[in-house]
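*Asks:* Fold the following and give me the result.
(chains A and B)
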Number of protein chains: 2
Amino acid sequence: MTALLTPTRRIRRTPFSDGVEAAGVKAYTVYNHMLLPTLFRSPEEDYRHLKSAVQVWDVAVERQVELRGPDAGRLMQMLTPRDLRGMLPGQCYYVPIVDETGGMLNDPVAVKISDDRWWISIADSDLLYWVKGLANGWRLDVLVDEPDVSPLAIQGPHADDLMAEVFGDAIRDVRFFRYGYFDFQGRSLLIARSGYSKQGGFEIYVEGSDIGMPLWNALMEAGKKWDVRAGCPNGAERIEGGLLSYGSDMTDDNTPHECGLGKFCDTQTAIGCIGRDALLRVAKEGPIQQIRAVEIEGGPLPVCDRWWPIKAGKKTVGRISSAAWSWDHEVNVAVGMVKLSHWDDGDEVMVETPEGPRAAVVREKFWA
Amino acid sequence: MTALLTPTRRIRRTPFSDGVEAAGVKAYTVYNHMLLPTLFRSPEEDYRHLKSAVQVWDVAVERQVELRGPDAGRLMQMLTPRDLRGMLPGQCYYVPIVDETGGMLNDPVAVKISDDRWWISIADSDLLYWVKGLANGWRLDVLVDEPDVSPLAIQGPHADDLMAEVFGDAIRDVRFFRYGYFDFQGRSLLIARSGYSKQGGFEIYVEGSDIGMPLWNALMEAGKKWDVRAGCPNGAERIEGGLLSYGSDMTDDNTPHECGLGKFCDTQTAIGCIGRDALLRVAKEGPIQQIRAVEIEGGPLPVCDRWWPIKAGKKTVGRISSAAWSWDHEVNVAVGMVKLSHWDDGDEVMVETPEGPRAAVVREKFWA
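*Replies:* This next block holds a predicted model:
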């Protein structure tokens, strides 16, 4: 498929779109009704550059849902089976969000700003609607809306160097999934050590669209010595690292346990979580299918735009949801939901690809 | 902007995607996390063909939210300020959906199947999340989910002829925004006289993805004598007809009254509607800005992918959200939100377009 994306107002531009266009973006996807760049030079060149230099990513599509008011903490705990009691301002938590059946509605990062103020940095679904519906129905004393906050990610081995150049050396001390406040042109910005790659880096929560391009330009200018470029999440790199994509690798049909996110579920103690009752049994018995790394043999495959069945003999034992050629590992790396009977490390299966059946091996661990 | 759309599993294919590709689709948009074709031959050729022949549209992106159970009717009324008491099975209603502040969350078509079963055929937002949140919070006795139903639209002056060929002459008697059940290959399908054009036609609620392509092929085969083609909603045609696009022309910032949908609001009698209190005042006093047709003078303009300010002298009095060249009217037809001071028929304004300021005239009525 090599079709164009038709622009309309409905697919929103971001505060950084002018910079992305000037950098020569070649392809987009749409994420939370907004433009997310997917390609600048070539998949391989983007991949190698991300792993060796530093990139600035327009990830404004990670829209924020803000909870504010006396019931904000209670509402936040209703959303997730992760126990939030020990969470402090200054921390970020990866939180599975589940409905009353334990089905995944989103897999965002929660940012605790204070006891009565949270941001949820969301994956691709209108989580705002679920949270607003609950707040209304449960008559909670909380304001829920989408603030003017657009994340900008700095990813790659030179991320610390670039960020220190713009924000000062103190940024190097921010720990993983922690955040601090740093000044830019008189504005205090929340900056976390996080991001959708395994190359290390930061996410700047750019509050106020007006400073989007000034910040973009400052980063591009300061990063010249490390060959900074506009970049974007890279399919191969994120699969190597075992980073999941909501909507691709999991949907509301799946429990967090199926998605390998059981370690983020404190189902016994997450009192108040709406999906808790539904998850208690799966937490005890375990799921019967789970997300696994899968190595598909042979040369590079076409893009995975639909589920590819995983077979053992004539039996379907799972399906691939993401796949990409890994230039570093010289194999097709893939993410699949695999049944209990075939999910052990080294289990040999077949994958029905657009190029016919291919031998494949299930892996316990991802590559990065 | 001439960027490609990157395919992933997250952007879902539809039961008709194979047919759309075989027909030579050139461009897509993404709508409800799914592919919606936007271009087959050229905008003008698609437009003229839609107005003279008949087209089959893959509008599976109009996902359904199903409400089922004893509280289904109560929940449906909570969603909208339109009074649903008189609505009967067999009818479809265009219903603004509002939040507790009266802000538009979606503008779908509600299909009443029985007193305790409804489908909501949605515009581009995850309405499912809002409805599920309310059902949970208000502890209603209702099941809310997304059934395997994919609408397929037949639009154009020969829509009745084509549909009669496939489903029998009784289909000609279905009235506007009514539906009936018709057989195809032993399956009973709900078919309504409706659709996102002013050329007349039907929407087939295809229940069961497996019959998607058989039905597509049957329609293509039967329609040869009327030059049937794969088509899609056409920007110019829908603006001429005053059909709004949620996300482009209105957002959750807007009340239904601002969107010119006051006639679908029975705010006094829609008891139970969540946004009713917020809307009572605007219903009485009227909005201070409203959607209007706007004619922009001069030759064809680039695509409207962001708001274009509407000016009267130095004052901003509104913004254009959709625009297209109308080959029939030989003018740029546009949709804009215009302030009270400048919304009368014939009011002269300026629009800041990507090609500089252009004279424009506000119109009371759309063109079709």
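*Asks:* contacts, neighbours, all on C-alpha from now
*Replies:* Will do.
*Asks:* How is chain A partitioned into domains?
*Replies:* A:17-62+A:148-238, A:64-145, A:289-368 (automatic domain parsing).
*Asks:* can you list the ones you listed in a markdown table and add distance to B:Trp118, mean pLDDT and mean neighbour count?
*Replies:* Rendered in a markdown table, the data for those read as follows (distance: least, C-alpha to C-alpha, whole Å; pLDDT from 0 to 100; neighbours: other C-alpha atoms under 10 Å in any protein chain shown):
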| stretch | distance to B:Trp118 | mean pLDDT | mean neighbour count |
| --- | --- | --- | --- |
| domain A:17-62+A:148-238 | 26 | 98 | 20 |
| domain A:64-145 | 19 | 98 | 21 |
| domain A:289-368 | 30 | 97 | 19 |
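*Asks:* will you turn those domains into JSON lines that also has distance to B:Asp277?
*Replies:* As requested, the domains of chain A are exported to JSON lines (distance: least, C-alpha to C-alpha, whole Å):
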{"stretch": "domain A:17-62+A:148-238", "distance to B:Asp277": "27"}
{"stretch": "domain A:64-145", "distance to B:Asp277": "14"}
{"stretch": "domain A:289-368", "distance to B:Asp277": "45"}
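*Asks:* and those domains as a markdown table, adding distance to chain B?
*Replies:* Listed next are those as a markdown table, based on distance: least, C-alpha to the nearest C-alpha, whole Å:
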| stretch | distance to chain B |
| --- | --- |
| domain A:17-62+A:148-238 | 4 |
| domain A:64-145 | 4 |
| domain A:289-368 | 4 |
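*Asks:* Compute the distance between A:Gly231 and B:Ala218, please.
*Replies:* When distances are taken as C-alpha to C-alpha, to the nearest Å, A:Gly231 and B:Ala218 turn out to be 45 Å apart.
*Asks:* With A:Asp347 instead?
*Replies:* In terms of C-alpha to C-alpha, A:Asp347 sits 44 Å off from B:Ala218.
*Asks:* Then A:Gly223?
*Replies:* The spacing between A:Gly223 and B:Ala218, counted by C-alpha to C-alpha, is 58 Å.
*Asks:* With A:Gln64 instead?
*Replies:* For A:Gln64, the distance to B:Ala218 - C-alpha to C-alpha - is 46 Å.
*Asks:* and A:Leu162, helix, strand or coil?
*Replies:* A:Leu162 carries the three-state label helix when classified by DSSP: H, G, I helix; E, B strand; the rest coil.
*Asks:* For it, which non-adjacent residue is spatially closest?
*Replies:* The shortest distance from A:Leu162 to any residue that is not its chain neighbour, by C-alpha to C-alpha, 6 or more residues apart in numbering or on different chains, is 5.6 Å, and that residue is A:Gly223.
*Asks:* what about the one you found, distance to B:Phe202?
*Replies:* When C-alpha to C-alpha is the yardstick, A:Gly223 and B:Phe202 sit 56 Å from each other.
*Asks:* what do you get for A:Gly86?
*Replies:* In this view, A:Gly86 and B:Phe202 are 56 Å apart by C-alpha to C-alpha.
*Asks:* list the contacts for A:Tyr196?
*Replies:* With contact taken as C-alpha atoms under 8 Å, 6 or more residues apart in numbering or on different chains, A:Tyr196 is in contact with A:233, A:238, A:243.
*Asks:* in the stretch 1-150 of chain A, which spans are helices?
*Replies:* Under the criterion DSSP state H, counting those that start in this stretch, helices of the stretch 1-150 of chain A are mapped to A:17-22, A:43-52, A:72-79, A:127-137.
*Asks:* Can you add distance to A:Pro108 and give the ones you listed back as CSV?
*Replies:* Written out in CSV, the entries for the helices of the stretch 1-150 of chain A read as follows (distance: least, C-alpha to C-alpha, whole Å):
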stretch, distance to A:Pro108
helix A:17-22, 23
helix A:43-52, 23
helix A:72-79, 11
helix A:127-137, 9
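*Asks:* closest to B:Ala323 out of these?
*Replies:* helix A:17-22 (20.8 Å; C-alpha to C-alpha).
*Asks:* Need the residues that contact that closest one.
*Replies:* Residues outside helix A:17-22 that contact it (C-alpha under 8 Å, 6+ apart) are A:37, A:58, A:213, A:216-217, A:230.
*Asks:* hmm, 7 Å instead?
*Replies:* A:213, A:230 (C-alpha atoms under 7 Å, 6 or more residues apart in numbering or on different chains).
*Asks:* check which helix or strand covers A:Leu279.
*Replies:* Using DSSP states H and E, the secondary-structure element containing A:Leu279 is helix A:276-285.
*Asks:* Does chain B have contacts with that helix?
*Replies:* No - contact between helix A:276-285 and chain B, assessed by C-alpha under 7 Å from any C-alpha of the partner chain, is absent, since the two come no nearer than 13.6 Å.
*Asks:* and the helix or strand following that helix, which strands flank it?
*Replies:* Following the chain from helix A:276-285 toward its C-terminal end, the next helix or strand by DSSP H and E is strand A:289-296. Taking DSSP bridges as the criterion, strand A:289-296 forms sheet pairs with strand A:331-339 (antiparallel), strand A:356-363 (antiparallel).
*Asks:* Please tell me how far the longest one is from the chain's geometric centre.
*Replies:* I take that to be strand A:331-339. When C-alpha coordinates are averaged (C-alpha atoms, centre = their mean, to the nearest Å), strand A:331-339 and its chain have centres 18 Å apart.
*Asks:* what does the last one give?
*Replies:* Relative to the centre of its chain, strand A:356-363 is centred 26 Å away, using C-alpha atoms, centre = their mean.
*Asks:* Give me the contacts around it.
*Replies:* Contacts for strand A:356-363 (C-alpha under 7 Å, 6+ apart): A:292-297, A:343-352.
*Asks:* mind running it again at 10 Å?
*Replies:* Counting contacts by C-alpha atoms under 10 Å, 6 or more residues apart in numbering or on different chains, the residues outside strand A:356-363 that touch it are A:292-298, A:308-311, A:332-336, A:338, A:342-352.
*Asks:* right, and A:Phe366 touches A:Ala334 too?
*Replies:* Yes - counting by C-alpha atoms under 10 Å, A:Ala334 is a contact partner of A:Phe366 at 9.2 Å.
*Asks:* Mind listing the shared neighbours of these two?
*Replies:* With contacts defined as C-alpha under 10 Å, 6+ apart, the residues shared by A:Phe366 and A:Ala334 are A:239-240, A:242, A:292-295.
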